[in-house]
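In: for reference, the sequence and a predicted model appear below.
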Amino acid sequence: NIPSRVKLVDVGPRDGLQNEKQPVPAAVKIELVHRLQQAGLKEVEVTSYVSPKWVPQMADNHEVMQGITRVPGVRYSVLTPNLKGWEAAVLDKPDEIVVFGAASEAFSQKNINCSIAESIERFAPVVEAARAAGVYVRGAMSCTVGCPYEGEIAPERVEYLAGLMKGIGVQHIGVADTIGVGTPRKVQRAIEATLKHYDLNDVSGHFHDTYGQALANTLAALELGVWQFDTSVAGLGGCPYAKGATGNVATEDVVYMLHGMGIETGIDLDQLIDAGAYISDFLGRKPQSRVAVAVLTK
Ligand code: HMG
Ligand code: MG
């Protein structure tokens with residue numbers, strides 16, 4: 001059942017950097033995207049079109065998107081929470097947009113300032129406009145195993161949200177463990193709930209590594225046949241609305257595991273480690289990737 005090829009979406013420039021307090025210049029973000037595509041990443045989540053008052057780090061979305069030298073075959077995705085975000089994003093020609101909801105009501109309120117039902121109402125016209133423009137629509141579901149405000153989240157709530165996303169035409173869905181509390185069987189339950197509405201080929205895993213479970217959770221998802229994952233170079237990140245949440249599983253660590261299992265990614269691990277070292281140097285810290293640290297100190 002384990003796939004022989006996996007697609008990784010590096011979300012470091014968006015999910016990673018959105019949580020950094022120190023301003024990262026657009027030029028550094030652009031260079032990071034360039035290094036990721038050089039390393040063989042076929043999709044990069046570049047930025048988000050959200051309120052600059054909520055997430056100041058992403059205020060340079062337009063400059064970053066315009067500054068990237070695009071490589072054919074690489075897809076560039078961006079977050080758009082509402083029509084205002086979509087209208088700004090479309091000018092920068094993303095290949096894919098992401099609407100992001102939550103399986104937990106409390107997290108929906110904290111993150112996007114509305115209820116789950118309201119979020120679906122806001123996403124619907126965005127999905128419609130994007131699809132009419134030929135832009136692929138991905139959905140992200142936060143807190144599919146646990147929520148920082150509500151605790152454990154039942155699979156039925158994931159199934160419910162996945163059904164709502166499907167109902168408004170969201171083409172692909174990401175199952176996110178926002179605060180990294182998930183363990184393999186729980187993550188499998190969340191994925192199985194999602195599979196009630198989405199085809200296996202339209203589902204990806206998005207695992208934060210707060211409790212050190214993200215690699216195990218990735219393997220658990222692979223066992224179900226999931227072959228698409230969001231990962232973050234150098235393990236950058238967290239979520240500004242989930243206190244204590246650390247970054248996504250490091251892309252380097254996932255690539256090392258996959259290659260070791262004979263699963264293709266198309267990614268050059270050494271170049272990826274260089275990309276991670278570049279941004280970690282800028283931020284003044286060591287990469288949060290065990291593989292990168294091991295290789296760099298060898
Ligand atoms: P709101 O306050 O409810 O929106 O925020 P509003 O429509 O009432 O507008 C209020 C103000 O925001 C207005 O400006 C709007 O123009 C402005 P003002 O008149 O006060 O000057 N505004 C915008 N500005 C720029 N771009 C926009 C936009 N929309 C409104 N698109 C909103 C609603 C969603 C905008 C707000 O709550 C927000 O920006 N939240 C930030 C959400 C975010 O970026 N979270 C992190 C990403 S999600 C994540 O990390 C999870 C994920 O990785 C998966 C996982 O791990 O779980 C995807
Ligand atoms: Mg995330």
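Out: Done, it's in. Ligands and ions are numbered 1, 2, ... in the order given.

In: for ligand 1, what are the nearby residues on the stretch 101-250 of the chain?
Out: Within the stretch 101-250 of the chain, the positions adjacent to ligand 1 are N111, I112, N113, A140, S142, A176, T178, H206, H208, C239, P240, Y241 by Cβ under 6 Å from any ligand atom. In this view, the C-beta of every residue, glycine as well, is placed from N, C-alpha and C.

In: the fourth one contacts D177, doesn't it?
Out: No - counting by Cβ atoms under 8 Å, D177 is not a contact partner of A140; they are 11.5 Å apart.

In: so those two - more neighbours on which side?
Out: D177 (30 against 25; other Cβ atoms under 10 Å).

In: list the contacts of the more buried one.
Out: With contacts defined as Cβ atoms under 8 Å, 6 or more residues apart in numbering, D177 is in contact with T144, V145, G146, V187, A190, H206, F207, H208, Q213, A214, N217.

In: again, but for A133
Out: By Cβ under 8 Å, 6+ apart, the residues touching A133 are V90.

In: between the contacts of D177, which has the most around it?
Out: Highest neighbour count within these, by other Cβ under 10 Å: T144, with 31 neighbours.

In: isn't that one right up against V158?
Out: Yes - here T144 reaches V158: they are 4.7 Å apart, a contact under Cβ under 8 Å.

In: ok, back up a step: which neighbours do A140 and D177 have in common?
Out: Contact criterion Cβ under 8 Å, 6+ apart; residues shared by A140 and D177: H206.

In: still on that earlier bit, out of the contacts of D177, which are inside strands?
Out: Cross-referencing the contacts of D177 with the strands (criterion: DSSP state E) gives G146, H206, F207 as the overlap.

In: check contacts around the nearest residue to P155 once chain neighbours are set aside.
Out: The shortest distance from P155 to any residue that is not its chain neighbour, by Cβ to Cβ, 6 or more residues apart in numbering, is 3.9 Å, and that residue is A193. For A193, the residues meeting the contact criterion (Cβ under 8 Å, 6+ apart) are T144, P155, E156, V158, E159, A162.

In: from these, pick the one nearest ligand 1.
Out: T144 (8.0 Å; Cβ to the nearest ligand atom).

In: how much space separates the closest residue to the closest one other than its chain neighbours from V203?
Out: Among residues not flanking T144 along the chain, A190 sits closest, at 4.1 Å (Cβ to Cβ, 6+ apart). Using Cβ to Cβ, to the nearest Å, one obtains 10 Å as the distance from A190 to V203.
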